[in-house]
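Engineer: Let's see this in three dimensions:
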Amino acid sequence: MESIEPTVTNHIWLGSIPVVISLAENDNANQREPLHFMALRCAYLPLYAPTIKAHFFQKSGSTTTFTIDEATELWYDFRGLPLKWHYPIGLLHDILSHSSLPPQQPTQSTEHSLIPWKITLHISSFPADKLFKSIPVPSLQTDPPRDFFMNSLKESEFIRHITTKKVMALSKTDQMLLWDTISESVRAGALETTIDQQQQRAKLGALHDKFWSVNARLMGEYTHDATSPVGGVGQVRSVAVRLYVGWDKPFLQELVAPGPEITLLHAIRVLAPALVPSDQVPSAESAGDPLTNHMNDLQLKGVGSNESLAAKKEFKVITHGVEIPLETPLLWLSRNFSYPDNFLHLVLG
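Structural biologist: Numbers count the residues shown, from 1 in each chain. Purely as a prediction, here's the structure:
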C-alpha cells in the first residue's frame with residue numbers, strides 16, 4: 001500500500017475545477033465578458049496569465065498587442081479575499097470550500113459561487129501587504145511562480161530527509177522539467193479548444209508520465225530503521241504534510257514520523273491534537289512505534305481506533321476535492337496524493 005500508483009497519480013494530475021473569471025468593475029472599462037475554463041488543480045493561477053490577458057486585454061484584430069503593460073500585475077479575489085497564487089489552485093479551492101468566509105452581499109449570491117468557481121480579476125490596487133508579486137523580472141533572471149515552486153519542492157525534500165541533496169543532485173534540465181511539465185499541461189491541456197477530450201487527456205497523461213520520470217527519484221521508497229541515523233541513505237525522517245484549518249489561519253505543520261502502520265488519523269493527532277478526544281489513550285499495540293513516542297513526548301492522547309473517531313464525524317479531511325478516510329495509510333496517501341511540490345496538502349472540513 002506504500003507504492004506509487006500511476007493510475008492514482010494520473011487522476012490527480014488530470015483533476016480540474018470549472019472557473020469563471022470576471023474583470024473587476026473598476027478595471028473593466030471595455031465591458032469584457034467573463035472567461036470560462038477548466039483550471040488544473042495542480043497548476044497555479046499565474047500560469048493562466050497569457051490566456052487571461054488575451055481574453056481581457058488583447059486589442060481587437062491583434063495577436064500580440066495588449067491594452068495593458070507587460071509589467072501589470074494580475075491578482076485575483078474571491079468574496080474580497082485576495083487569492084494566494086503561490087498555493088496550487090486545487091488547494092485554494094479546497095480551503096475556500098471548507099472555511100467560514102466573510103458573508104456575501106445579497107447581490108453577490110450568484111456572483112461568488114464555488115462550482116463553478118467565480119473569481120474576480122484585478123489589474124489595479126495590488127494588495128502588497130497580502131500577496132507576493134508574480135511578474136518575472138528578466139533582468140534578474142527571476143520567475144516568482146517557478147521559484148516559489150522549486151523552493152517548496154526543496155522544503156518538502158528537507159522535511160523528509162533533513163537534506164535537499166536529492167533535489168540538488170538532479171540536473172538543471174530535470175529540475176526545470178518538474179516545473180515545465182506543469183506549465184505545459186496548462187498550455188497543452190486545460191485551455192486547448194481545438195482537440196477533443198480524449199486527445200486532451202492523452203496529452204496531459206504524457207506530461208504526467210514525464211513529470212514522474214523525474215519525481216519518482218524524489219518520492220522513492222520509504223524506509224524506517226530505528227538503528228540507522230536519521231537522514232541516512234534512503235532514510236525518511238518525516239512525511240511532508242500540512243493541514244489547513246481556514247483561509248485566515250496559518251497552516252499546521254509538525255514532524256509526522258513515517259511507518260507502514262501510520263494512518264491519516266495518526267497525522268491528525270500530531271498536527272491538530274485539539275481535535276482528538278482526550279478520554280482514551282493510544283492502544284497498547286502501538287507501543288514503541290516512533291509516532292506514538294513522538295505523541296507521548298507532546299503529551300497527546302488519542303482515540304482507541306480509527307473507526308471510533310471516523311464514526312463520530314467530528315471532522316473530515318479533504319485533499320484534491322476528495323474526503324479521505326481517516327484509516328488511509330499515510331505513506332500511501334503522501335506518495336500518491338501529494339501535489340507536484342511533494343507536500344501532502346490537507347484541508348480540515
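
Engineer: going forward, measure contacts between C-alpha atoms and count neighbours the same way
Structural biologist: Will do.

Engineer: now the strands for the stretch 51-200 of the chain?
Structural biologist: Ranges of strands within the stretch 51-200 of the chain are 75-78, 81-82, 117-122, based on DSSP state E, counting those that start in this stretch.

Engineer: pLDDT of the last one, averaged?
Structural biologist: When pLDDT is averaged along strand 117-122, the result is 96.

Engineer: Which neighbouring elements make contact with it?
Structural biologist: Contact here means 3 or more Cα pairs under 8 Å, 6 or more residues apart in numbering; DSSP states H and E; on that basis strand 117-122 packs against strand 16-23, strand 75-78.

Engineer: Save the ones you listed as CSV, and put in mean neighbour count and distance to residue 274 too.
Structural biologist: Formatted as CSV, the helices and strands packed on strand 117-122 follow (neighbours: other Cα atoms under 10 Å; distance: least, Cα to Cα, whole Å):
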stretch, mean neighbour count, distance to residue 274
strand 16-23, 20, 32
strand 75-78, 20, 29
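
Engineer: closest to residue 4 out of these?
Structural biologist: Residue 4 sits nearest to strand 16-23 of all the helices and strands packed on strand 117-122, at 21.1 Å, using Cα to Cα.

Engineer: Take the strands of the stretch 51-200 of the chain and write them to TSV, including distance to residue 215.
Structural biologist: Shown next, in TSV, are those (distance: least, Cα to Cα, whole Å):
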stretch	distance to residue 215
strand 75-78	30
strand 81-82	31
strand 117-122	30
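
Engineer: Do a quick rundown of the helices in the chain.
Structural biologist: Assigned by DSSP state H, the chain shows helices spanning 6-14, 49-57, 89-97, 144-161, 165-169, 172-185, 197-215, 264-271, 290-297, 306-312, 330-337.

Engineer: Would you format the helices and strands packed on strand 117-122 as TSV with mean pLDDT and distance to residue 94 included?
Structural biologist: Formatted as TSV, those follow (pLDDT from 0 to 100; distance: least, Cα to Cα, whole Å):
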stretch	mean pLDDT	distance to residue 94
strand 16-23	95	11
strand 75-78	96	13
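
Engineer: Let me have the ones you listed in TSV, extended by distance to residue 90.
Structural biologist: Listed next are the helices and strands packed on strand 117-122 as TSV, based on distance: least, Cα to Cα, whole Å:
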stretch	distance to residue 90
strand 16-23	8
strand 75-78	14
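
Engineer: Nearest approach to residue 342 belongs to which of these?
Structural biologist: Relative to residue 342, the nearest member of these by Cα to Cα is strand 16-23, separated by 18.4 Å.

Engineer: what are the pairing partners of the closest one, and which direction each?
Structural biologist: Sheet pairing of strand 16-23 (DSSP bridges) gives strand 35-40 (antiparallel), strand 117-122 (parallel).

Engineer: coming back round to it: any idea which of the helices of the chain scores lowest on pLDDT?
Structural biologist: Among those, helix 290-297 carries the lowest mean pLDDT, a mean of 42.

Engineer: So what's the residue count around the nearest residue to residue 217 once chain neighbours are set aside?
Structural biologist: Spatial nearest neighbour of residue 217, chain neighbours left out: residue 166 (7.7 Å); criterion: Cα to Cα, 6 or more residues apart in numbering. For residue 166, the count of nearby residues is 14 (other Cα atoms under 10 Å).

Engineer: repeat for the one 5 residues further on
Structural biologist: The criterion is other Cα under 10 Å. On that basis, residue 171 has 10 neighbouring residues.

Engineer: wait, residue 270 sits on residue 254?
Structural biologist: Yes - with contacts counted by Cα atoms under 8 Å, residue 270 reaches residue 254, the gap being 6.9 Å.

Engineer: These two: which has the busier surroundings?
Structural biologist: residue 270 (24 against 17).

Engineer: ok, so what distance separates that one from residue 252?
Structural biologist: Using Cα to Cα, to the nearest Å, residue 270 is found at 10 Å from residue 252.

Engineer: Excluding chain neighbours, what is closest to residue 55?
Structural biologist: With Cα to Cα, 6+ apart, the residue lying closest to residue 55 is residue 35, at 7.0 Å.

Engineer: Check residue 263 too.
Structural biologist: Setting aside the residues directly before and after it, residue 263 is nearest to residue 329 in space (Cα to Cα, 6+ apart), at 4.3 Å.

Engineer: Next, find the distance separating the one you found from residue 267.
Structural biologist: Counting by Cα to Cα, the gap from residue 329 to residue 267 is 10 Å.

Engineer: of those two, who's got more company?
Structural biologist: Shown here are residue 329 and residue 267; by other Cα under 10 Å, residue 267 has more neighbours (24 against 20).

Engineer: list the contacts for that one?
Structural biologist: Going by Cα atoms under 8 Å, 6 or more residues apart in numbering, residue 267 touches 256, 330.

Engineer: wait, what's in contact with the closest residue to residue 38 other than its chain neighbours?
Structural biologist: Closest residue to residue 38 apart from its sequence neighbours, by Cα to Cα, 6+ apart: residue 18 at 4.5 Å. Going by Cα under 8 Å, 6+ apart, residue 18 touches 36-39, 115-117.
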